[in-house]
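1. Using only what follows, build the 3D model:
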Amino acid sequence: MAAASKGDLVFTKTTSDLGGNITVPIAFDSVTVQTLVNAIREYEDDLDNLDTACGVVGNTGILEAEGKRAIPNTSESIGITAVLINDWRVAFEARPGAAWVGVFVNDGNLLAENSFADNPIKPTAFTAPVIRQSQAPSIINAAVADFWDALLTELTQGKPAAEVTFGEAFAAVWMGLRNKAEVDTSDGYKKWYNDAGDVVFKKAVSDDGTKYTEDEMESGP
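-> Coordinates of the predicted model:
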């Protein structure tokens, strides 16, 4: 994947009072939010583009951006968020077809407040844009901590489903490690118990001297 740099982007104003396109040339299939912010700020600083710059009477610029602040007591920073305003949009240069090409905005959040249903991307021929929106590391870390700190609940008696949550899968593994388990040669079942000593689920096992087989799980007891 070839990522565009600041100098690769092409700015084109519309013929109306507001708006324009920030084009990513066909040689590139991705651009980062930070690259967009850097290029836009440099474009606004050019004397020829004062009519788009923040602070000019009657104009509020091309984008608003925030983020990259350090998170206290960590080595991480908040992800950058850029909001395109005044009908400016990002456009990936049209492809010749007939195959559609995936194009990407990476490493941050790209939003818009505009007259195009708040879409920051201008549609172009045979491009399939994806904005890989990110969250602040602090939010992600909190979610991960909540996941690992969640208490596992023992599974109730019954046949385990084919599709389960991570919590249910981990609970089954933990029950097998912690609780009683046995292979009962009298009825040919391998059994898993809960903490109370009840068989929660089991599976038939067999060995004909050539092949050892464990059947699909079924409900206890």
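
2. secondary structure element for Glu42?
-> Using DSSP states H and E, Glu42 sits within helix 33-45.

3. Packing partners of the helix or strand that that helix is followed by?
-> Downstream of helix 33-45, the first helix or strand assigned by DSSP H and E is strand 63-66. When contacts are defined as 3 or more CB pairs under 8 Å, 6 or more residues apart in numbering; DSSP states H and E, strand 63-66 packs onto helix 33-45, strand 81-84. In short, each C-beta sits where N, CA and C put it, glycine included.

4. ranking those by burial, who's on top?
-> strand 81-84 (a mean of 22; mean count of other CB atoms under 10 Å).

5. Report the distance from that strand to the chain centre.
-> 18 Å (CA atoms, centre = their mean, to the nearest Å).

6. ok and the following helix or strand past that strand relative to helix 33-45, angle-wise?
-> Remark: after strand 81-84, the chain's next helix or strand is strand 88-92, criterion DSSP H and E. Between strand 88-92 and helix 33-45, the angle comes out at 120 degrees (axes from the mean of the first three to the mean of the last three CA atoms, to 10 degrees).

7. Name every strand pairing with the next helix or strand after strand 88-92 and say which way it goes.
-> Downstream of strand 88-92, the next assigned helix or strand under DSSP H and E is strand 101-106. Using DSSP bridges, the strands paired with strand 101-106 are strand 30-32 (parallel), strand 127-131 (parallel).

8. In TSV: those strands, plus distance to Glu64 and mean neighbour count.
-> Output for those, formatted as TSV (distance: least, CB to CB, whole Å; neighbours: other CB atoms under 10 Å):
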stretch	distance to Glu64	mean neighbour count
strand 30-32	17	21
strand 127-131	17	16
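
9. Tell me where this structure is predicted with low confidence.
-> The model of the chain has pLDDT under 70 over residues 1, 16-17, 47-60, 68-78, 134-149.

10. Which of the strands paired with strand 101-106 sits closest to Gly102?
-> Nearest to Gly102, of all the strands paired with strand 101-106, is strand 127-131, at 5.1 Å by CB to CB.
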